[in-house]
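> below is the sequence, then the predicted model.
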Amino acid sequence: MQNGQNVYPYFRLGDNFQLVFDDLFGNEANYYYSIQHCNYDWSPSSQLTINDYIEGFDNQRIQTYENSFNTLQIYSRYQLSFPNKFTRILLTGNYILKIMNEDRDVVFSRRFIVYEEQVSVPLQVKRARNMEVIYEKHNMDFAIKSESLLFQSPLQNVKVAIFQNGRFDNAIYNVKPQYTIGNDLIYRYDKETQFWAGNEYWYFDNKDIRNAVNNIARITAGEIYNTILYTNDARANKPYTYYPDINGNFMPNNINLSVTDPNLESDYSWVFFKLDAPAFFEKKDIYIGGMFNNYAKTDEYKLEYNEKSGLYEKAVMVKQGFTNYMYITADKNGVVDGKNAVDGNFYQTENDYDIFVYYRRNNERYDRVIGHGAANSQNIIN
């Protein structure tokens with residue numbers, strides 16, 4: 001988070017940001033954190049010690065937490081800020097933040113990227129050049145430009161990573177510069193820098209958790225509220241329809257007039273998803289994904305086929321608010337199958353794209369992140 005809003009996990013070196021999570025046991029358990037600097041490929045940076053990339057210490061207890069109130073589902077809300085009095089990040093690069101319990105077992109982890117802007121990365125989203133996928137893909141056309149930095153062996157030492165809507169599960173890596181003009185590196189590939197465009201995200205809005213509005217069919221009461229959504233029809237074989245979204249984000253909120261702190265008074269609800277998908281999807285696994293669950297490919301979010309109803313179904317506990325979600329087709333190993341997306345691929349889809357530039361000089365010990373480029377496919381050109 002930054003400034004109270006959920007954001008993609010990319011931060012400038014020295015910026016303030018926070019990790020916020022809820023513990024649904026609500027018993028004020030002790031949690032600790034550790035930070036691992038990683039290479040470009042997310043393997044640990046073995047040539048660095050923790051003192052190289054952190055000023056202070058990690059493995060500290062998270063001290064900022066509060067308990068929910070006026071909610072059916074109790075929880076404790078933890079907030080970890082960077083920099084803090086124990087820890088300040090010194091280097092750019094890929095990082096893995098691990099949250100551990102009292103036994104130092106990892107409860108969950110999150111990736112994030114810390115970068116500087118020593119080079120500029122002009123990026124343009126273009127239509128695919130291959131006629132077979134011209135209506136289904138977005139092509140990234142970009143360059144790396146620097147007036148002060150002279151690259152050593154750019155084909156070996158410069159790497160890029162390209163992301164769509166803040167996702168790590170379908171990122172593109174290991175694309176070398178196609179050619180150079182002076183010290184500028186040019187990337188104008190036909191296939192290597194293309195993403196399946198996907199479709200706009202689905203959403204539901206239960207900021208008023210007792211009212212069935214905005215894609216919610218009905219609300220039922222139990223130990224906590226049950227939010228039953230309307231059945232989603234697979235859109236792969238339908239025309240593209242403009243459907244404004246927030247590119248997978250979610251915004252917990254409670255608009256009840258008596259609420260004084262939505263962070264602690266927003267309740268949890270069982271959300272019942274139903275998907276009417278063609279039969280050929282039975283050969284693939286389908287998951288519910290978004291920023292609300294970090295696009296996790298676990299059984300908790302895997303849809304189950306109900307032979308009686310002929311629908312894929314799943315109930316997931318989600319904090320109330322405004323939530324974007326999508327259906328992700330994946331193989332048995334969790335590898336995303338963008339080509340066979342449940343909701344199809346349409347070049348008109350509005351997506352955010354981010355590129356990061358990694359550079360390791362000869363004999364340098366770690367991969368620095370020296371540039372960031374961003375674009376939105378609303379500005380797509382031929």
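Cool, got the structure.
> strands of the stretch 151-300 of the chain, start to end?
Along the stretch 151-300 of the chain, the segments classed as strands by DSSP state E, counting those that start in this stretch run 158-164, 179-181, 184-187, 194-196, 202-205, 216-220, 225-229, 232-233, 250-252, 268-276, 285-289.
> what mean pLDDT does the first one get?
Meaning strand 158-164. This predicted structure assigns strand 158-164 an average pLDDT of 97.
> returning to what we had before: among the strands of the stretch 151-300 of the chain, where is the model least confident on average?
Mean pLDDT is lowest for strand 179-181 out of the strands of the stretch 151-300 of the chain, coming in at a mean of 88.
> quick one, domains of this protein?
Dividing the chain into domains by automatic domain parsing, as the record does, gives the ranges 10-115, 123-197+348-379, 202-330.
> figure out the length between the terminal residues of the shortest one.
Read it as domain 10-115. Criterion Cα to Cα, to the nearest Å; first-to-last residue distance in domain 10-115 is 8 Å.
> check the longest one too.
For domain 202-330, the first-to-last residue distance is 18 Å (Cα to Cα).
> and that domain, how far out from the chain middle?
Mean-position distance between domain 202-330 and its chain equals 16 Å (Cα atoms, centre = their mean, to the nearest Å).
> out of the helices and strands in the protein, which is least certain?
Least confident helix or strand of the chain, by mean pLDDT, DSSP states H and E, is strand 179-181 with a mean of 88.
> which residues sit against that one?
Here strand 179-181 makes contact (Cβ atoms under 8 Å, 6 or more residues apart in numbering) with 154, 186. Just so you know, the C-beta spots here come from the backbone N, C-alpha and C atoms, and that holds for glycine as well.
> which ones are touching the nearest residue to residue 150 once chain neighbours are set aside?
The shortest distance from residue 150 to any residue that is not its chain neighbour, by Cβ to Cβ, 6 or more residues apart in numbering, is 6.1 Å, and that residue is residue 183. Residue 183 sits next to 145, 146, 149, 150, 151 when contact means Cβ under 8 Å, 6+ apart.
> tell me, how many residues neighbour the fourth one?
Spelled out, it's residue 150. In terms of burial, residue 150 registers 8 neighbours under the definition other Cβ atoms under 10 Å.
> cool, the third one as well?
By the measure other Cβ under 10 Å, the count of residues near residue 149 is 15.
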